[in-house]
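Asks: next input, structure requested:
(chains A and B)
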Amino acid sequence: MMPPDATLDPARSTVTLEPDLGDSVDDIGAAADRLRHAGRQALGVTGSADVGTLRDALAASDVSLYPALALGLLVAVDQLQSTALTILGPEITGALGIGRPAYALVLVVKTMVVMVAALPLAAVVQRTPRRAAVSIVTAFAWAILTAMTGFVISIWGLVVIAVAAGAATASVRSVHQPLLLDCYPTAARVRMMSFYRGFDNVGDIAGPIVIGVCAAIIGLTWRGVFLGLAAVSLVAAIAASRLRDPGFGRFDTDKVREAARQGIGTATTHDGDVSLGFFEITRRLLLIPTIRRVLAAWSVVGMLLAPFLTYLAFFLQERWGMGPGARAGFMAVMPVFGIIALRLFGRRGEKLFAQDPARLLRLGGTLLAVGVASIAVAVYAPVFPVMAVLFGAGLAVMTIITPALALPMYAIVPARMRAHLGALQGIFLAGVGGTAGLVLLGGIDRRFGTTGAILSLAVPGIVGGLILRTAARTINADMDRMLDEIVEEERIAALTSRGARLPLLACRNIDFSYGQLQVLFGVDFTVDDGEIVALLGTNGAGKSTLLRVVSGLGLPTRGTVRFRGADITYVDAERRVSLGISQIPGGRAVFGPLSVVDNLRVLGHTHGRDRRAVDAGIEASFEAFPRLAERRNQLASTLSGGEQQMLGLSTAFIVRPRLLLIDELSLGLAPKIVGELLEMVRQINQEGTAVVLVEQSVNVALSVVEHAYFMEKGEIRFDGAARELLERPDLLRSVFLEGATKGLGG
Amino acid sequence: MRRLALGLTVAIALQACAVDGLSFVTDDRVRIVQPTPNATIEPPYEFRWTAEDVDGYFVVFFDRSPVRPNETLLAMVPDTDPCRARADCPDTEWLADRNVYVVRHPSLRVDQLPDLRETDREKDRHDLTIVLFDESGRRVGESVFTTEFIVERESR
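Replies: This next block holds a predicted model:
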């Protein structure tokens, strides 16, 4: 029944709402434009360089420094175990009597686990905001595991503890930064991120010092040192135990929603779409152009940083004759430069983000290039102080890159998905980049020596800088995309709350590319419940691609796909089938080596139907297509083209979808067969299934539909009544027109 | 499933841990006096250390990890090594080939050490590890005494 405030568009069955709301479902894009500005403000992009003091920013939102302090303490101690395992390696291998290669393997395994475990931890927090709890629990876990390291008596114990500790410390990568962002208002985030990053450097300095004090001054063995470090970690975990999760997007996406609701004029709260699974979220993130570029840049940074720290030690030893103690001292002093740089950067970074996030990304690119240039010059410094200052400066500017990139990167993804992004960042930085760097630099070192290897790092540094600058070009579009999605969700919620009937399928503003080749451009496509729609167009126009986007076989680079109001843009194809979307692909969509009945049975079981339902579906199929019944035990590969299409069409009887997508039904078939198939399509539609019929043959399609879309070069060129399409000779070229009138009985 | 994995992890970790016989405070009964840390030495290579309250003898390992606590030097010998057929395996020669030396007094003289450099640009860095063995031929406790040194080399 139609809602009282809704009217029916005479051209279609699309719902239009009352005048005061003033928008139809198809007009959402226009409204989004009006709300983007408010959304950007809510995300902290005010366009102004006027940034208040940190104290004022925190006071205005009634938040304290505690969350940043607590997370900072945790990040400062999270690597204590790893640092001790590295420094105390000779003592541990000596005491346990284990070989060095085996011990090195333990360290590598731990590093790998830290990278890989970040993603499952992201999955743990993707639905419920329990990042604080995860941070606290894992902090206690790594404190306990550090203590247990002191009691290990075999390499296997060391492996198990290192793996478990690696999994626990992985929470730092996936959970900390998203939690930190949600704890603070947008006006303070760059400064808080810099503050947090500073603790990381403090940990780098304090770790070796604490180990040195425990071993050299207190006189503890490596076992005693691990107990000491466990005590320090435990203190940090206890200090952080008052940390609480403020919820997803409290200071950003929630504010954007609020702004959207005010703009729409509704108090309705969004009750959520079809929630994305772990892989769906990960895949979605990787489809965002800016994210792809920033992650590529992180890989390059990883390619640079991981081997750099290794080669730096050799460089200091070979060029400056520094022993282990002197090298450790040098390494401990370097992070001090980073802390100073972070202190200087915070407020400036805040201003840049508020003015334009693209500027922050460009700065990140420049810093990366400047950092590696400084290091490259340092390699040839004639005197030690100059070398030390140049290395310090290089590392300092690279320290700033973390907060400089973090905020723009996190600002363009929904708060719920940020843990996944943090995990991906770690994987690209240490996994992809670090591994590639070590492999590449090994060869350079053998040929040109340590100095040459460090110098060669300038190349990935500059490449990474350039990649980041290209990310600056896309970030504003990506931010708008996220804002549009939020606004659209709120608008849909408003429509639903008013009782408006939503289209069964609504694709809006869809862009799709095969690699670098874009084939869909801003496509809007709507199907109402029970409707039968023709999607026509020339060969290569993008019809089949659009079907792939609807069925989930292809994911758009922009735009949304909604099914019964729910956003399914990034939902897996399998889940879409269970939601009620089925596609019959073009060509022979059958399993050739199976018999007809087995094809149908497989189809039924694949879709989770019980035996009784499958048998009923098979009977219905045979009733609709008696020729299939006659060939029930014949191999599908031996069927004619028309019979194979009949078998494909039987999907509708087995699965009973809400929306059936049929690609190229008539291709290569005789008119008589096509007629039979079309009759069956009508019958399927009359039983309540909406149908999208993709055809190159206009006369075939228009003989069964009332509504048609016409595509050309990836764009929708016509959307209207089927008969009106015949009045558009500019669209329908002669090849299509032939027989069209006859097909309509005209 | 998660609980099972957690339980297994804890069980394995606890199996691989112990409380008794572990050293938490530095053992300073042995002090290496020559070479000093990171000193450069020339052949013949002289090594000296002081020892207090030590029963048994010293086993010196160059550039390799020692055997595990409570193990004998036989643990170093692979099962397929012909040395295992002999009653005195591993003997002094077999051990010296692997840069391991058994001494009763706190000093050692070695004529040759392998060149560990991969390129001429590097220094030939080595490490020395001394562990204690009792009269039954087993390593005593976890104590290790180590130092690093550099061997003077000419360009190859």
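Asks: contact residues of chain B facing chain A?
Replies: Near chain A, the residues belonging to chain B are B:9, B:12-13, B:15-19, B:22-28, B:37-38, B:64-69, B:71, B:75, B:118-119, B:121-123, B:127, B:129, B:131, B:139, B:142-144, B:146, B:148 when assessed by Cβ under 8 Å from any Cβ of the partner chain. C-beta: built from backbone N, CA, C; applies to glycine.
Asks: strands along chain A, start to end?
Replies: Applying DSSP state E to chain A gives strands spanning A:7-8, A:15-16, A:505-514, A:517-527, A:532-537, A:558-563, A:566-567, A:581-584, A:659-663, A:690-695, A:707-712, A:715-721.
Asks: and of those, who's closest to chain B?
Replies: Of all the strands of chain A, strand A:566-567 sits nearest to chain B, with 29.9 Å by Cβ to the nearest Cβ.
Asks: which positions in stretch A:124-137 come out as buried?
Replies: Neighbour-count burial for stretch A:124-137, counted by 16 or more other Cβ atoms under 10 Å in any protein chain shown, picks out A:Val124, A:Val125, A:Gln126, A:Pro129, A:Arg131, A:Ala132, A:Ala133, A:Val134, A:Ser135, A:Ile136.
Asks: and the fourth one, how close does it get to chain B?
Replies: By that I understand A:Pro129. 20 Å (Cβ to the nearest Cβ, to the nearest Å).
Asks: mind listing what that residue touches?
Replies: A:Asp182, A:Asp245, A:Pro246, A:Gly247, A:Phe248 (Cβ atoms under 8 Å, 6 or more residues apart in numbering or on different chains).
Asks: which residue packs closest to it, ignoring adjacent ones?
Replies: A:Asp245 (4.4 Å; Cβ to Cβ, 6 or more residues apart in numbering or on different chains).
Asks: is the one you found in contact with A:His176, as I believe?
Replies: No - if you go by Cβ atoms under 8 Å, A:Asp245 and A:His176 don't touch, sitting 11.9 Å apart.
Asks: what segments of chain B are strands?
Replies: B:30-34, B:39-41, B:45-51, B:57-62, B:100-103, B:107-110, B:124-133, B:145-151.
Asks: circling back to that earlier point, out of the contacts of A:Pro129, the closest to A:Gly166 would be?
Replies: A:Gly166 lies nearest to A:Asp245 out of those, by Cβ to Cβ, at 23.5 Å.
Asks: is it true that A:Val571 touches A:Glu280?
Replies: Yes - the criterion here is Cβ under 8 Å, and A:Val571 meets it with A:Glu280 at 6.1 Å.
Asks: between the two, who's got more neighbours?
Replies: A:Val571 (24 against 20; other Cβ atoms under 10 Å in any protein chain shown).
Asks: now do that one, the pLDDT please.
Replies: Per-residue confidence (pLDDT) for A:Val571: 91.
Asks: what's near enough to touch it?
Replies: By Cβ under 8 Å, 6+ apart, the contact list for A:Val571 reads A:Val274, A:Leu276, A:Glu280, A:Gly552, A:Leu579.
Asks: same question, A:Pro246
Replies: A:Pro129, A:Asp182, A:Cys183.
Asks: show me the residues you listed that map onto helices.
Replies: A:Asp182, A:Cys183 (DSSP state H).
Asks: got the contact list for the helix ranked longest in chain B?
Replies: Longest helix in chain B, counting residues (DSSP H): helix B:2-15. With contact meaning Cβ under 8 Å, 6+ apart, helix B:2-15 is reached by A:Met148, A:Trp156, A:Gly157, A:Val160, A:Ile161, A:Val163, A:Ala164.
Asks: likewise for stretch A:314-322?
Replies: Taking Cβ under 8 Å, 6+ apart as the rule, stretch A:314-322 contacts A:323, A:326-327, A:330, A:379, A:384, A:387, A:449-451, A:454, B:121-123.
Asks: redo those as a markdown table? Include distance to A:Thr496.
Replies: A markdown table is the format used below for the contacts of stretch A:314-322 (distance: Cβ to Cβ, whole Å):
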| residue | distance to A:Thr496 |
| --- | --- |
| A:Gly323 | 71 |
| A:Ala326 | 68 |
| A:Arg327 | 64 |
| A:Phe330 | 63 |
| A:Val379 | 63 |
| A:Phe384 | 69 |
| A:Met387 | 65 |
| A:Gly449 | 67 |
| A:Thr450 | 64 |
| A:Thr451 | 66 |
| A:Ile454 | 60 |
| B:Arg121 | 71 |
| B:Glu122 | 71 |
| B:Lys123 | 74 |
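Asks: and of those, the nearest to A:Leu661?
Replies: Top of the list for closeness to A:Leu661, among the contacts of stretch A:314-322 and by Cβ to Cβ, is A:Ile454 at 56.3 Å.
Asks: neighbour-wise, which of the contacts of A:Pro129 leads?
Replies: Most surrounded of the contacts of A:Pro129: other Cβ under 10 Å gives A:Asp182, at 25 neighbours.
Asks: could I get the pLDDT score of that residue?
Replies: pLDDT recorded at A:Asp182 is 95.
Asks: what's the local residue count around residue 50?
Replies: All of this is about chain A. 9.
Asks: wrong one, I was asking about chain B
Replies: Look at B:Thr50: counted by other Cβ under 10 Å, it has 12 neighbours.
Asks: I'd like to know how far it sits from B:Thr92.
Replies: Counting by Cβ to Cβ, to the nearest Å, the separation of B:Thr50 from B:Thr92 is 24 Å.
Asks: got it, and A:Ala187?
Replies: 75 Å.
Asks: quick check: nearest residue in space to residue 54, chain neighbours excluded?
Replies: Just so you know, I chose chain A. Excluding the flanking residues, the one nearest A:Leu54 by Cβ to Cβ, 6+ apart is A:Arg191, at 5.3 Å.
Asks: let's do chain B instead
Replies: With Cβ to Cβ, 6+ apart as the criterion, B:Val54 has its nearest non-adjacent residue at 5.6 Å, and that residue is B:Arg29.
Asks: low-confidence ranges, the stretch 251-400 of chain A, go.
Replies: A:266-274, A:306-307, A:323-324 (pLDDT under 70).
Asks: so where do the helices sit in it?
Replies: Assigned by DSSP state H, counting those that start in this stretch, the helices in the stretch 251-400 of chain A fall at A:253-264, A:278-286, A:289-320, A:324-355, A:357-379, A:384-411.
Asks: could you dump those to TSV with distance to A:Leu725?
Replies: Below are the helices of the stretch 251-400 of chain A laid out as TSV (distance: least, Cβ to Cβ, whole Å):
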stretch	distance to A:Leu725
helix A:253-264	34
helix A:278-286	35
helix A:289-320	35
helix A:324-355	49
helix A:357-379	43
helix A:384-411	44
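Asks: tell me the pLDDT at whichever residue of chain B sits closest to chain A?
Replies: Chain A sits closest to B:Ala16 of chain B, with a gap of 2.3 Å, by Cβ to the nearest Cβ. At B:Ala16, the model reports a pLDDT of 75.
Asks: now the one 4 residues further on
Replies: The pLDDT attached to B:Asp20 in the predicted structure is 78.
Asks: again, but for B:Pro114
Replies: For B:Pro114, the model assigns a pLDDT of 92.
Asks: that one: how many residues sit nearby?
Replies: B:Pro114 sits with 11 neighbouring residues when counted by other Cβ under 10 Å.
Asks: isn't it right next to B:Asn99, touching?
Replies: Yes - with contact defined as Cβ under 8 Å, B:Pro114 counts as touching B:Asn99 (7.1 Å).
Asks: okay, and the common contacts of the two?
Replies: Contacts common to B:Pro114 and B:Asn99, judged by Cβ under 8 Å, 6+ apart, are B:Asp63.
Asks: and the residue of the stretch 351-500 of chain A that's closest to chain B?
Replies: Nearest residue of the stretch 351-500 of chain A to chain B, counting by Cβ to the nearest Cβ: A:Gly449, 5.5 Å away.
Asks: and that residue, how many residues sit next to it?
Replies: Applying other Cβ under 10 Å, we find 20 residues neighbouring A:Gly449.
Asks: likewise the one 4 residues further on?
Replies: The burial count assigned to A:Ala453 is 25, neighbours taken as other Cβ under 10 Å.
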